[in-house]
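Asks: coordinates only, sequence not included:
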């Protein structure tokens, strides 16, 4: 069992952080950055060509992070660039390298990235991708062919408490769980009222650990950019205005306020940090978590997660 899954099932408060792979073949600077916070987080998410921009393979970087930085990695796998054959080959390759944590996503449209004329595959959606990984765990391909041995993936999925239609979003999350998801990570949440409404919606329906996203806003212009240009992220108007009035310090203030209030809820299994590739912000958020004593003062509810073992 992967350390990440073990901590989740034991109800320990988990902290993960998301990074983007480099734009070239040299991962040295990225690895140096990860080493700076590796001993303070439970796992590092590695994005899969985020915003449809070409980057190093997330599986390669995840392997290097585990080997050279000594912390578990969660590689993102999208439905955008590969058909079911390619997706299964990628997963088997990751298993062969010892990378056992995945986050299954649909992926951004190619028109958003640096190859806007590229054709998106999208042969399957994220729920089917989760089922595919779960089937590999059970020892066969999605087409029914047996494997020499099964894989051992801890399978993550994405949820969005900011969605306009929360009922439909929870339905999608339930479908991902039924397909085999072991845990979820959310898009960044800035408003505690949104979190409270979400928690009421998932109560009694969702029984996997959920890590809630936090993103330190760096300035007013960035907050406006997120609202206008980044799908799935919603910054409330009051937060945008606070950034305009208070400046950059307001971003970290809001993170502290959110974690301080949210961590009191036993339904919160952990925090997922979106630092926008800034190592200093990662350390500041982890400092806040440790100053608040979140990891040592309480545990989330232990959760039984069905795995191949």
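Replies: Great, that's in hand. Keep in mind the model is a prediction, meaning the values are calculated, not measured.

Asks: count of neighbours near residue 252?
Replies: 17 (other Cβ atoms under 10 Å). To be clear about C-beta, it is placed using only N, CA and C from the backbone, and glycine gets the same treatment.

Asks: same question for the one 3 residues further on.
Replies: Around residue 255 sit 23 other residues, with neighbours defined as other Cβ under 10 Å.

Asks: same check on residue 139?
Replies: So residue 139, with other Cβ under 10 Å, has 13 neighbours.

Asks: right, and it touches residue 152 too?
Replies: No - counting by Cβ atoms under 8 Å, residue 139 does not reach residue 152; the two are 10.7 Å apart.

Asks: give me phi/psi at residue 190?
Replies: Main-chain torsions, residue 190, degrees, to the nearest 10: phi -110, psi -20.

Asks: was I right to think it contacts residue 238?
Replies: No - using Cβ under 8 Å, residue 190 is not in contact with residue 238; the gap is 9.1 Å.

Asks: who's more crowded, the two?
Replies: Between residue 190 and residue 238, counted using other Cβ under 10 Å, the more crowded position is residue 190 (26 against 11).

Asks: so where does the closest residue to that one other than its chain neighbours fall, helix or strand?
Replies: Spatial nearest neighbour of residue 190, chain neighbours left out: residue 239 (5.0 Å); criterion: Cβ to Cβ, 6 or more residues apart in numbering. Using DSSP states H and E, the element containing residue 239 is helix 237-246.

Asks: quick one: buried residues of that helix?
Replies: 239-240, 242-243 (16 or more other Cβ atoms under 10 Å).

Asks: how would you label the residue most central in space within the chain: helix, strand or coil?
Replies: Central residue of the chain (Cα atoms, centre = their mean): residue 185, 4.7 Å from the mean position. At residue 185, secondary structure determined by DSSP: H, G, I helix; E, B strand; the rest coil is strand.

Asks: ok, now which ones touch it?
Replies: By Cβ atoms under 8 Å, 6 or more residues apart in numbering, the residues touching residue 185 are 16, 45, 103, 156-159, 210-211, 213, 272.

Asks: name whatever forms a beta bridge with it.
Replies: On the basis of DSSP bridges, residue 185 is bridged to residue 158, residue 211.

Asks: and the pLDDT at it?
Replies: At residue 185, the model reports a pLDDT of 98.

Asks: quick one: it and residue 242, what's the gap?
Replies: 25 Å (Cβ to Cβ, to the nearest Å).

Asks: pLDDT weak spots in the stretch 1-150 of the chain?
Replies: Scanning the stretch 1-150 of the chain for pLDDT under 70 picks out 1.

Asks: now do the strands in the stretch 101-250 of the chain.
Replies: Applying DSSP state E, counting those that start in this stretch to the stretch 101-250 of the chain gives strands spanning 101-105, 154-159, 183-188, 210-214.

Asks: which other helices and strands contact the second one?
Replies: Looking back up the chat, that one is strand 154-159. Judged by 3 or more Cβ pairs under 8 Å, 6 or more residues apart in numbering; DSSP states H and E, strand 154-159 is in contact with strand 101-105, helix 126-137, helix 166-179, strand 183-188.

Asks: got the angle between the longest one and strand 154-159?
Replies: Interaxial angle of helix 166-179 relative to strand 154-159 (axes from the mean of the first three to the mean of the last three Cα atoms, to 10 degrees): 170 degrees.

Asks: tell me how far the nearest residue to residue 252 once chain neighbours are set aside lies from residue 234.
Replies: Residue nearest to residue 252 in three dimensions, not counting chain neighbours: residue 216, with 5.2 Å by Cβ to Cβ, 6+ apart. When Cβ to Cβ is the yardstick, residue 216 and residue 234 sit 16 Å from each other.

Asks: which non-adjacent residue is nearest residue 183?
Replies: residue 209 is the one closest to residue 183 (Cβ to Cβ, 6+ apart), at 4.6 Å.

Asks: so how far is residue 257 from the one you found?
Replies: As judged by Cβ to Cβ, residue 209 and residue 257 stand 23 Å apart.

Asks: from the contact counts, what lies against the helix or strand where residue 282 lies?
Replies: Assessed by DSSP H and E, residue 282 sits inside helix 279-291. Applying 3+ Cβ pairs under 8 Å, 6+ apart, one finds that helix 279-291 contacts strand 14-19, helix 249-262, strand 270-273.
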